[in-house]
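Peer 1: using only what follows, build the 3D model:
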Amino acid sequence: MAEFGNGFAEESLLDSDPGHPEPEEPALDEGEAAIEDLELEAIEARVRELEEEAEKLKELQNEVEKQMNFSPPPAGPVIMSIEEKIEADGRSNYVGNVDYGATAEELEAHFHGCGPVNRVTILCDKFTGHPKGYP
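Peer 2: Modelled structure (predicted):
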């Protein structure tokens, strides 16, 4: 315990003085307390509404993703084992004579009725960058 030149110890400066209690907040009358209660209830009700709305939005998003068979893209390069590559090739189809103007989205939409489409690859000429389609 350090002592200062004024006779006070460090400890007594940090602690509240029991002889002088800290001032308390003024008491609210019944009307003010009722208003605060109503405001608090309104805030709590709004929070509940927002949480319910957020839950509904999550459900809707899950439904849309299921309908679209949407899966987020992989975080990085996918490294597949030989067994996984063989299994993926067994689920793959090659489609030839595709129009030059066809997009991956159009092909996915066209074949969506056959089942979920995991990936569409359009082969492109390495020199021109144009699809190797059928005119």
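
Peer 1: following the helix or strand that E65 is a member of, which helix or strand comes up?
Peer 2: Per DSSP states H and E: E65 is located in helix 30-68. Remark: after helix 30-68, the chain's next helix or strand is helix 82-90, criterion DSSP H and E.

Peer 1: mind listing residues that contact that following helix?
Peer 2: M80 (Cβ atoms under 8 Å, 6 or more residues apart in numbering). All C-beta atoms are positioned from the backbone trio N, CA, C, and that covers glycine.

Peer 1: following it, which helix or strand comes up?
Peer 2: Downstream of helix 82-90 (by DSSP H and E), the next one is helix 104-111.

Peer 1: would you mark the buried spots in that following helix?
Peer 2: By 16 or more other Cβ atoms under 10 Å, the buried positions in helix 104-111 come out as L107, E108.

Peer 1: what's the mean pLDDT across that helix?
Peer 2: Averaged across helix 104-111, pLDDT comes to 87.

Peer 1: also stretch 46-55?
Peer 2: Stretch 46-55 comes out at a mean pLDDT of 95.

Peer 1: contacts for that stretch, please.
Peer 2: Under Cβ under 8 Å, 6+ apart, the answer for stretch 46-55 is an empty list.

Peer 1: and the angle from the helix holding E65 to helix 104-111?
Peer 2: Angle of helix 30-68 versus helix 104-111, following axes from the mean of the first three to the mean of the last three Cα atoms, to 10 degrees, is 80 degrees.

Peer 1: next, the buried residues of helix 30-68.
Peer 2: Result for helix 30-68 [16+ other Cβ under 10 Å]: no buried residues.

Peer 1: for stretch 87-105, same thing?
Peer 2: Within stretch 87-105, judged by 16+ other Cβ under 10 Å, the buried ones are V98, A102.

Peer 1: quick one: end-to-end distance for it.
Peer 2: 24 Å (Cα to Cα, to the nearest Å).

Peer 1: next: stretch 88-107.
Peer 2: End to end - Cα to Cα - stretch 88-107 spans 19 Å.
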